[in-house]
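S.K.: From the sequence below, what's the structure:
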Amino acid sequence: MRFPVKKFLSYYKPYGKLFMLVLACTFIVSAVSLVFPLLVQHITKNILAGDLSTALSKVYGIGGLMVILVAIQNIGNYFVDYKGHEVGARMESDMRSELFAHMQSFSFDFYDKEKTGNLMSRITNDLLLLSELYHHGPEDYVKYLVRFIGAFVILFSINAPLTIAVFCFFPILGALSLYFNKILNKALRRNKERIGDINAQVEDSLSGIRVVKSFANEHVEIDKFICENNRFLDSRKKTYKAEAYFFNGVETIIQLITITVVIFGSASIVGNTLDLADLITFLLYIGFMVEPIQRLTHMSTQLQEGITGFQRFMEMMNLKPTIKNKPNASILKDVYGEIEFKQVSFRYEDHLNRVLANLSLRVQPGEYVALVGPSGAGKTTLCSLIPRFYDATHGEVLLDGINVRDIDLRSLRNHIGVVQQDVYLFAGTVMENIRYGNPTAKDADIFTAAKHANAHDFIMSLPNGYHSEIGQRGVKLSGGQKQRLSIARVFLKNPPVLILDEATSALDNESESIVKESLESLVQGRTTIVIAHRLSTIRNAQRIIVLTEDGIVEQGTHDVLLSLDGVYARLYAKQFELQA
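M.R.: Here you go, the predicted structure:
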């Protein structure tokens, strides 16, 4: 993947002035550091070689100048280190927020294929060293470019042939750096993929810890984790092997440079083309030329960590949500709740069979409709097309005569309430979870919603009432209690269209009775579509629609469908036999 330089640099824009100040300080600090060897040369070559009776005062004067330069250097370094890292951290934070917001825009089809642990790794681990890249990248290039060029000019003025001899080693160093940086880039990308797999494995195992323990399969999960962990270890071993080759190769060349200077410098002294003071100065400045290479070599892994992190960040940012707003999308105001499917077909992916084929259906405003049929017939899929969790492959889905594709997504979903079988509650308090239905609701509205959902009494019996912590996914509550909180959430939202997807199928009889009473209160005055396997729960539906792989095969009231002695009658009789 090509590195997107323009996009990378764009994150400096909000902090441009401060970062330019950091670079200016870096330039000054680097320039000041070049003065020290020249002062040493002046002392050894001029002052100590001249009149020693006045030498001491001159040495003290230069010593005072050195102290001033040290103060300037350290104040500058403090500012560069503190503010430079702060700018890098701010940019990393901006990118993490941008990535999280971008992930929120993705549709269900994206999350159907991606593992949560991998996505978490993208947000956290991948961006962890980007602040170092943003801070040290430009700063180190300015710092070491100033030192390298300054040292080269000074060395050339001292002894041109020796400087050229030293410079011949640098193309070799450059080629070595390019070669191994490419290897490190691939290795570190592989590391990030492996740690993402570990995160996915951990997230999967810990989320299902109750299932793991119920089957006594802790050893299975440990084996799976060890497998992923070993893959990550193998990947890191390859990275360290490349690093070892790289670092030691660079160190070897640097040692050869030092040997070259000592041998050829000594020969120049013997030939009277160089004096000892100049050789000492030469050796000091060689350090300024070599230091950037040593420093960048040792930082190459850190910099490549940031580069690969940014590349993976851009991979995610370049993905576009499949479901998004059209330009000038409609904002809904007064919604009556008429829903219509016109010749709707749907498949999850191009290579898969169609779940729905040329299906047409109209639900009147305020009508209470039940969807029944065998598993896999497309009942949940059909309902998911209304709030555009997925888009129909062909045909139109209309709300009050408007194609849902032409409606602003937030506006559309704000007018649709969904109660699912698998209730998801967030870690936090009861109050926070109910308020999720309407973040601006007052406490009094939350209490009212809870009472409508038959949840108020059990909430007040909790240790801290509405401020009780319910744990991750509401683990401290029973299934019926969790379901009633989800119903209270929808009451607070107060949508004109309601979708109930197997809302009571996982509950015991007593809980089902309480939740059913809550739901009957919730559906009053709303267009309601109920997906049900327990046919006894939808006897009072105004219309029951029987959906099979062949589409809609029957529809009517409970009594009418029984009299037809068709698919519904067989489903009902079979369920009645099972209950008996």
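S.K.: all strands of this structure, in order?
M.R.: Per DSSP state E, the chain carries strands over the ranges 339-346, 356-363, 368-372, 394-399, 402-403, 416-420, 497-501, 527-531, 543-548, 551-556.
S.K.: how much does the first one deviate in direction from strand 394-399?
M.R.: So the one you mean is strand 339-346. Per axes from the mean of the first three to the mean of the last three CA atoms, to 10 degrees, the angle that strand 339-346 makes with strand 394-399 is 160 degrees.
S.K.: Just put the strands of the chain in CSV and tack on mean neighbour count.
M.R.: For every residue, glycine as well, the C-beta is placed using N, CA and C. Listed next are those as CSV, based on neighbours: other CB atoms under 10 Å:
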stretch, mean neighbour count
strand 339-346, 18
strand 356-363, 17
strand 368-372, 23
strand 394-399, 19
strand 402-403, 16
strand 416-420, 21
strand 497-501, 23
strand 527-531, 24
strand 543-548, 21
strand 551-556, 16
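S.K.: Contacts only, for the residue most central in space within the chain.
M.R.: In the chain, the centroid-proximal residue (CA atoms, centre = their mean) is Ile123; its distance is 2.6 Å. Contact analysis of Ile123 by CB atoms under 8 Å, 6 or more residues apart in numbering lists 96, 99-100, 103.
S.K.: Quick one, which of those are buried?
M.R.: With burial judged by 16 or more other CB atoms under 10 Å, the buried subset of the contacts of Ile123 is 96, 99, 103.
S.K.: ok, the residue lying closest to Ala377 once chain neighbours are set aside to Thr537 distance?
M.R.: Once flanking residues are discounted, Ala377 sits nearest to Leu547: 4.7 Å by CB to CB, 6 or more residues apart in numbering. Distance, Leu547 to Thr537, by CB to CB, to the nearest Å: 17 Å.
S.K.: Then Ala455?
M.R.: Distance, Ala455 to Thr537, by CB to CB: 19 Å.
S.K.: which one of these two has more residues nearby?
M.R.: Between Ala455 and Thr537, counted using other CB atoms under 10 Å, the more crowded position is Ala455 (28 against 20).
S.K.: what's the neighbour count on the nearest residue to that one once chain neighbours are set aside?
M.R.: Spatial nearest neighbour of Ala455, chain neighbours left out: Arg484 (4.0 Å); criterion: CB to CB, 6+ apart. Number of residues near Arg484 (other CB under 10 Å) recorded here: 27.
S.K.: Quick one: residues contacting Arg484.
M.R.: Contacts of Arg484 were listed using CB under 8 Å, 6+ apart, and they are 453-455, 458, 514-515, 518.
S.K.: what's the burial count for the closest residue to Ala89 other than its chain neighbours?
M.R.: Excluding the flanking residues, the one nearest Ala89 by CB to CB, 6+ apart is Ser131, at 4.6 Å. For Ser131, the neighbour count with other CB under 10 Å is 21.
S.K.: do Leu519 as well
M.R.: A total of 24 residues lie near Leu519 under the criterion other CB under 10 Å.
S.K.: Relative to Lys324, how far out is it?
M.R.: Separation of Leu519 from Lys324 (CB to CB) stands at 33 Å.
S.K.: And Glu251, by the same measure?
M.R.: In terms of CB to CB, Glu251 sits 53 Å off from Lys324.
S.K.: Show me what counts as buried in stretch 36-54.
M.R.: For stretch 36-54, by 16+ other CB under 10 Å, it's 36-37, 40-45, 47.
S.K.: so where is this protein shaky, pLDDT-wise?
M.R.: The chain contains residues with pLDDT under 70 at 1-2, 210, 214, 294, 296-299, 504-512, 576-580.
S.K.: if we go to 50?
M.R.: Scanning the chain for pLDDT under 50 picks out 580.
S.K.: coming back round to it: so which of the buried ones among the contacts of Ile123 belong to helices?
M.R.: 96, 99, 103 (DSSP state H).
S.K.: ok, the closest residue to the second one other than its chain neighbours to Ser205 distance?
M.R.: I take that to be Leu99. Nearest residue to Leu99, sequence neighbours excluded (CB to CB, 6+ apart): Ile123, at 5.8 Å. Separation of Ile123 from Ser205 (CB to CB) stands at 20 Å.
S.K.: sorry, back to before: kindly reformat the buried ones among the contacts of Ile123 as CSV containing distance to Leu284.
M.R.: Formatted as CSV, the buried ones among the contacts of Ile123 follow (distance: CB to CB, whole Å):
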residue, distance to Leu284
Arg96, 43
Leu99, 46
Met103, 53
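S.K.: which one of those residues is nearest Phe389?
M.R.: Of all the buried ones among the contacts of Ile123, the one with the least separation from Phe389 (CB to CB) is Met103, at 15.8 Å.
S.K.: Now do the same contact list for that closest one.
M.R.: Here Met103 is in contact with 119, 123, 316 (CB under 8 Å, 6+ apart).
S.K.: what's the closest of those residues to Asn74?
M.R.: Nearest to Asn74 out of the contacts of Met103 is Ile123 (CB to CB; 37.1 Å).
S.K.: Next step: the buried residues of stretch 36-54 restricted to helices.
M.R.: Among those, the members found in helices (DSSP H) are 36-37, 40-42.
S.K.: In JSON lines: the residues you listed, plus distance to Phe156.
M.R.: Formatted as JSON lines, those follow (distance: CB to CB, whole Å):
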{"residue": "Phe36", "distance to Phe156": "19"}
{"residue": "Pro37", "distance to Phe156": "14"}
{"residue": "Val40", "distance to Phe156": "19"}
{"residue": "Gln41", "distance to Phe156": "15"}
{"residue": "His42", "distance to Phe156": "19"}
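S.K.: from the middle of its chain, how far away would stretch 555-563 be?
M.R.: Chain-centre distance of stretch 555-563: 50 Å, with CA atoms, centre = their mean, to the nearest Å.
S.K.: List the buried residues for that stretch?
M.R.: So stretch 555-563, judged by 16+ other CB under 10 Å, has buried residues 555-556, 558, 561.
S.K.: Return the alpha-carbon coordinates of that stretch using CSV.
M.R.: What follows is stretch 555-563, C-alpha atoms only, in CSV (Å, rounded to 0.1, in the frame of the first residue of the first chain):
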residue,chain,number,x,y,z
GLN,A,555,-52.5,-13.8,5.3
GLY,A,556,-55.5,-13.1,7.5
THR,A,557,-56.7,-13.3,11.1
HIS,A,558,-55.9,-16.2,13.4
ASP,A,559,-59.4,-17.7,12.9
VAL,A,560,-59.4,-17.2,9.1
LEU,A,561,-56.0,-18.8,8.7
LEU,A,562,-57.0,-21.8,10.8
SER,A,563,-60.1,-22.3,8.7
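S.K.: residues making contact with it?
M.R.: By CB under 8 Å, 6+ apart, the residues outside stretch 555-563 that reach it are 538-546, 554, 564, 568-569, 572.
S.K.: got the buried residues for stretch 223-230?
M.R.: Under the neighbour-count criterion of 16+ other CB under 10 Å, stretch 223-230 has 228-229 buried.
S.K.: roughly how far is it from the heart of the chain?
M.R.: Centroid separation for stretch 223-230 versus its chain: 23 Å, with CA atoms, centre = their mean.
S.K.: Show me what it is in contact with.
M.R.: For stretch 223-230, contacts defined as CB under 8 Å, 6+ apart pick out 194, 197-198, 201-202, 205.
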